[in-house]
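1. Make a model of this:
(chains A and B)
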2 protein chains.
Amino acid sequence: MAETYAAIFVVLAAAVGLAFAIYKFYWVKKMPEGTDLMASISAKIRKGAMAYLKRQYKTVSVFFIVMLVILGIMAAFGVLSPFVPFAFLSGGFFSGLSGFVGMKIATYANSRTAEGARQGLNKGLKIAFSSGTVMGLTVVGLGLLDIGIWFLILNAFLTDPVEITSTMLTFGMGASSMALFARVGGGIFTKAADVGADLVGKVEAGIPEDDPRNPAVIADNVGDNVGDVAGMGADLYESYVGSVVSAAALAAAAGLGMTGVVIPMIIAAIGIVASIIGTFFVSTKEGATQKDLLGSLRKGTYISSILSAVGSAALIYILLPEHTGVFWAVVSGLLAGVLIGFFTEYYTSDSYNPTKRLAGSSETGSATIIIDGLALGMNSTAIPVIIIALSVLFSYFISGGAGSFAMGLYGIGVSAVGMLSTLGITLATDAYGPVADNAGGIAEMAGLDKEVRERTDALDSLGNTTAATGKGFAIGSAALTALALIVSYTDKVKLLGGTLDLSITNTPVLIGLFIGAMLPFLFSAFTMQAVGRAAHKIVIEVRRQFKEITGLMQGEAEADYETCVDICTRSSLKEMIIPAALGIIAPIAVALVLGVNGVVGMLAGALITGFAIAIMMANSGGAWDNAKKYIESGNFGGKGSDNHKAAVVGDTVGDPFKDTAGPSVNILIKLLSMVSIVFAGVAVKFNLFDIIANLFK
Amino acid sequence: MAETYAAIFVVLAAAVGLAFAIYKFYWVKKMPEGTDLMASISAKIRKGAMAYLKRQYKTVSVFFIVMLVILGIMAAFGVLSPFVPFAFLSGGFFSGLSGFVGMKIATYANSRTAEGARQGLNKGLKIAFSSGTVMGLTVVGLGLLDIGIWFLILNAFLTDPVEITSTMLTFGMGASSMALFARVGGGIFTKAADVGADLVGKVEAGIPEDDPRNPAVIADNVGDNVGDVAGMGADLYESYVGSVVSAAALAAAAGLGMTGVVIPMIIAAIGIVASIIGTFFVSTKEGATQKDLLGSLRKGTYISSILSAVGSAALIYILLPEHTGVFWAVVSGLLAGVLIGFFTEYYTSDSYNPTKRLAGSSETGSATIIIDGLALGMNSTAIPVIIIALSVLFSYFISGGAGSFAMGLYGIGVSAVGMLSTLGITLATDAYGPVADNAGGIAEMAGLDKEVRERTDALDSLGNTTAATGKGFAIGSAALTALALIVSYTDKVKLLGGTLDLSITNTPVLIGLFIGAMLPFLFSAFTMQAVGRAAHKIVIEVRRQFKEITGLMQGEAEADYETCVDICTRSSLKEMIIPAALGIIAPIAVALVLGVNGVVGMLAGALITGFAIAIMMANSGGAWDNAKKYIESGNFGGKGSDNHKAAVVGDTVGDPFKDTAGPSVNILIKLLSMVSIVFAGVAVKFNLFDIIANLFK
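-> The predicted model follows:
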């Protein structure tokens, strides 16, 4: 009974989060949109973004229908629980909805932020940050609502906590699939538009960024929304839900019963309340410096983190008095997230040496800035790995891993929940970036005062820093969640009566490791090549328009923005299929060939390599971007110099790194686990390796 | 007793190989050196290369002395066998000697090849290939000599095959350390000189490649010798020895006794004889096309492979009549090497689509050729992983892995030996490349006829293909050998009374995996940044000489070549310390913190990620190089076009990829295993993880 009350509390907290998001949504919508031109530009962006999303959902729904039929058949034959198809569907639906709401508000907020910036920096920040808050609280609200309701339903029908959590895990697969489609599709869209617009507009035609004469400029702004906002929303929805349900599953496996199962959910619920309180502390005064702005955002996050930690302490001391160490696992997760975020910033912000030095290597040309940027990214993998390693070790021991292996694993799972508990506000600081970016674009296109553009630039530049921090959280939590999911997979296999020999020297495990390590490379190659192909189409179209539309370069005729948006939409939807299919087919293929041991090997291989690649790509890309900005702000020859040209090459290479391939790899490693969990029954019953082994015996 | 005869046969085969190498050495030296100018250029290169090697050995000897003291103390306290320090030393010494001899002959052969090319293509090929043969047979001859003699010594003192092979494993650490220093130091030297010469000479001053006015031109040619020849020699010596001793150790663990232990050695001995026979089939006629030349080299390798396979079949059917499946493991290793080599060529040769398409992406500038080149490299990891996976699976089952786990592992070990058995000739085809490259440089600097340069270019271009194939072998064998070494490590731990829980879900294993996966990234970052720093110094020096030496650009004054060689030498020796230290300190640190389970995790993580990264870097780099050459041969605008400039950027980025970081990663993964094996006793007796676990209990 107690767990029912807990679940009701969880649902209520989710509802409060959603209510606050709705309130903020209407608050932003009430703000003035600025001039007619501003409103019309914003409407164009909104229209393009919505048109993309609609077609994306249509494409993805084909996949979901196929999967539903497969899962339905499996459920009908008793291979899966009958709840699974519905859980799968709800995960996918809410993940998609999170992205949709986030994008809706972002496309309303862009012109309003620009208009706010006309009045002052604080007003601009307030609007942009409020739209980020809508997104942040929608993601956590919907996530926790989904979890809470499912728990109530399953708890009414089933009694065994292991069975309940094992079913709940499967709705992660829906969320992961949706997230991967959204991230990959959105990532290809945004970077194809960006690279295409830059290559022809900036480099060939020599017109500035966000110039309305560039036919790809609207597509570029649409891209910020569908990639950075909708894609990120779906992505983090999935991380959030994944971390909570996998920790719940580990609680069941550790024999902590329903109390252990509900704890991750309540920690998340506390985090929502803490995030809402934190948002009230974000504001700034006029004439604020970059540092003040950052300090203001940080204040909100830190207050939320402290509140969340205090609440979790109370919770665990009351509900798990014999395992109070688990509380420190929550703290270690929170801390690891903050630290990884800090080091992401260290490696990618031009306030620190690595990026400054990278800007300096532009002096010997584009080749050296590429080499050094790649090296910087590779170098930056070391510290996050050590942070995660220490956090895992600490969580494991402090939660009692020395006495009970399963308790240690539960601690690791809970630390992932701790890291993501304040996602409501960390995501708000992250999602506000693309809004500020768009606001700057609108200010430029609408010909607003230089002062306004300077304010939106200040907001945007801050957005790059918070995006780096956000990426740190996304990567760190993905690693911990994927780790928890691997353990959940092994529990599931045992539940299904399968036998495991997970020793590294066991042949299928070894081969699985090799294959898993290769998957993030292959996946990154697919997504980067997809960006290249899509960008190529945009380049050709933009060149065509410059040639065929008379008066375009003189500003006398309007560009055909819609065709560019349409090309991006069509090619990104086409290109997202193969990478996403890799994430679904690979684990099933490995399961059929190598069996459960091979699957665990593959999951571990993909996790450890994917973690390193994701960090490398995010940090190389971020550092190139900021090195270019550092030069633009007057260092090493400034804008237009040869050094600047070299830095632009670096930035262009970094685009698909940091906004397409890198963040998608995070989802890939979780999707692989989710698919494996859903299809665990198949691997247990049939696999080629065992058949061959029996033949040879 | 039988094993003594076998060992004597092995030593004799090694002696035959060395005798043939000596004969070929003097045959090459007898050839005419060409004009005085040619002889003097060659002497300058030789002098620079020798000066580098001498100083490298001096630097490295400090490390060897320190390690000897440490190992000596450990042996004195009974933690290690008293043979270990000597075995360590002999491995390092012979590895260094292999590189030395290879470089000696290469620096004699360069001017002689150019002179030969004046007479005809066939003559040029004969001389260049003969010098490659000297290198190839020196490496395998010294390797097998070292193994054979040590086996005879140990067999006289010890009786347990497990103890004998476990001691022999440790001389691999000497070889690996030496190889890592040689590869990293040489790799930094060659690419610093190359990048520096290109950046100032070709790009800034606009003078052609190998122009004698370029002050870095001699350093560039020295670099080809110390990096591509001496580095590669030490590297493959280490792979060769590592594969044989690890297979021998697996035989002992599988309970095959002395018969099983000597089989890998005899396979290697057969391979030496087969390689010598194969070299007689390499020749070509005048007016031969690129295809004829390649066909001629291939004929030699294929004949050797077939002879080696037939010999191994006879051997195994006689000595292991109950385990004849092991023969098929040899074949599968040979085949896997050939296949990986083929796919390396497929991805990097401009005869195939991937590189042609890459050349095409230069049309949208340097950023897109970089993105596509990286994607190509990442993409190309998939097939080698699948080939290795299938080869491992096949070797495992065919050798009886389904019945006896240890037998299956022995099969995997033997397949690595099979892959490297014909190294004598595959290395000859590989090592001939840098000689042809140097010959071309000398032809240019000495102002020989255009026709001569065309011939050396034909030889050189072929060298790029054979280098790709050679890299495929180096990477593939590194993976299999490292795998065998991991298993040997676990056997050693058991022998020392340690307990293992290698399950992936065991916390130290997991953390080890994370750390291991990060090491190749960190290592690559170190080496690439080292190249960048060293190249920067060369750029500054070359610019200084162009400015300060009057008449240099007019060809009236001679450049100060020696200073450039000296700068490269000093900076590469300085820069090689940290990457090499990482390979030695990381496994000891992990052993002390996480214990033996953590070490195995780390080794597996480094292996699977290092394998993928090494392939990616080799293939991205190779493809960029050949895409540039494809454009230079008149496609996509040809030499001097914007496309060509973009391709040059790709090529420059690829240089440290394919010649510094990529090949060194192969050695890193083996060195990590070797160091772990030597220090296994420490990890068994003391580690922090167990101490903490006991505290928390």
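2. Enumerate the residues of the stretch 51-200 of chain A near chain B.
-> Neighbours of chain B within the stretch 51-200 of chain A, by CB under 8 Å from any CB of the partner chain: A:195, A:199. Every C-beta, even on glycine, is put in place using the N, C-alpha and C of the backbone.
3. so where's the stretch 51-200 of chain A shaky on pLDDT?
-> Low-confidence segments of the stretch 51-200 of chain A, defined by pLDDT under 70: none present.
4. Report the closest residue of it relative to chain B.
-> Using CB to the nearest CB, the single residue of the stretch 51-200 of chain A nearest to chain B is A:L199, 5.9 Å away.
5. Double-check that that residue belongs to a helix.
-> Yes. The assignment for A:L199 by DSSP: H, G, I helix; E, B strand; the rest coil puts it in a helix.
6. Next up, the contacts around it.
-> A:L199 sits next to A:535, A:539, A:652, B:364-365, B:367-368 when contact means CB atoms under 8 Å, 6 or more residues apart in numbering or on different chains.
7. Following element in sequence after whichever strand or helix holds A:T569, please.
-> Under the criterion of DSSP states H and E, A:T569 resides in helix A:561-575. Once the chain leaves helix A:561-575, the next helix or strand it forms, by DSSP H and E, is helix A:577-632.
8. Show me what the following helix or strand past that following helix is packed against.
-> Next helix or strand after helix A:577-632 toward the C-terminus (DSSP H and E): helix A:642-656. Secondary-structure packing of helix A:642-656 (3 or more CB pairs under 8 Å, 6 or more residues apart in numbering or on different chains; DSSP states H and E): helix A:161-197, helix A:353-360, helix A:366-379, helix A:507-548, helix A:577-632, helix B:366-379.
9. Report the buried residues of helix A:642-656.
-> A:643-656 (16 or more other CB atoms under 10 Å in any protein chain shown).
10. Now for the contacts of A:L199, which sits with the most neighbours around it?
-> The most crowded member of the contacts of A:L199, judged by other CB atoms under 10 Å in any protein chain shown, is A:A535 (30 neighbours).
11. how near is it to chain B?
-> Using CB to the nearest CB, to the nearest Å, A:A535 is found at 7 Å from chain B.
12. show me the contacts for that residue.
-> A:A535 touches A:191-192, A:195-196, A:199, B:364, B:368, counting by CB under 8 Å, 6+ apart.
13. Same question for A:V531.
-> The contact partners of A:V531, by CB under 8 Å, 6+ apart, come to A:187-188, A:191-192, A:195, A:655-656, A:660, B:371.
14. can you check A:N221 too?
-> Contacts of A:N221 by CB under 8 Å, 6+ apart are A:45, A:110, A:210, A:438, A:441-442.
15. cool, A:S81 as well?
-> Listed by CB under 8 Å, 6+ apart, the contact set of A:S81 reads A:75, A:163, A:166-167, A:170.
16. List the buried residues in stretch A:205-219.
-> A:205, A:207, A:210-219.
17. cool, stretch A:196-205 as well?
-> Using 16+ other CB under 10 Å as the burial criterion, the residues of stretch A:196-205 that qualify are A:196-202, A:205.
18. roughly how far is that stretch from the heart of the chain?
-> With CA atoms, centre = their mean, to the nearest Å as the basis, stretch A:196-205 stands 29 Å off its chain's centre.
19. go on, stretch A:529-540?
-> In this view, stretch A:529-540 has its centroid 23 Å away from the chain centroid, taken as CA atoms, centre = their mean.
20. again, but for stretch A:166-173
-> Chain-centre distance of stretch A:166-173: 19 Å, with CA atoms, centre = their mean.
21. cool, stretch A:476-487 as well?
-> Put simply, stretch A:476-487 sits 14 Å off its chain's centre (CA atoms, centre = their mean).
22. now swap in stretch A:551-558 and tell me
-> With CA atoms, centre = their mean as the basis, stretch A:551-558 stands 39 Å off its chain's centre.
23. So what touches it?
-> With CB under 8 Å, 6+ apart as the test, stretch A:551-558 has contacts from A:205, A:207, A:212-213, A:215, A:545-546, A:549-550, A:559.
24. Please identify which of the residues you listed is nearest to A:G470.
-> A:P212 (30.1 Å; CB to CB).
25. Spatially nearest residue to the closest one, not counting backbone neighbours?
-> Residue nearest to A:P212 in three dimensions, not counting chain neighbours: A:M445, with 4.6 Å by CB to CB, 6 or more residues apart in numbering or on different chains.
26. Touching, that neighbour and A:P208? I think so.
-> No. If you go by CB atoms under 8 Å, A:M445 and A:P208 don't touch, sitting 10.9 Å apart.
27. quick one: contacts for A:L68?
-> A:L68 makes contact with A:85, A:88-89, according to CB under 8 Å, 6+ apart.
28. May I see the contacts of stretch A:551-558 arranged in JSON lines, with pLDDT as well?
-> Listed next are the contacts of stretch A:551-558 as JSON lines, based on pLDDT from 0 to 100:
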{"residue": "A:A205", "pLDDT": "76"}
{"residue": "A:I207", "pLDDT": "81"}
{"residue": "A:P212", "pLDDT": "82"}
{"residue": "A:R213", "pLDDT": "85"}
{"residue": "A:P215", "pLDDT": "87"}
{"residue": "A:Q545", "pLDDT": "89"}
{"residue": "A:F546", "pLDDT": "86"}
{"residue": "A:I549", "pLDDT": "87"}
{"residue": "A:T550", "pLDDT": "84"}
{"residue": "A:A559", "pLDDT": "85"}
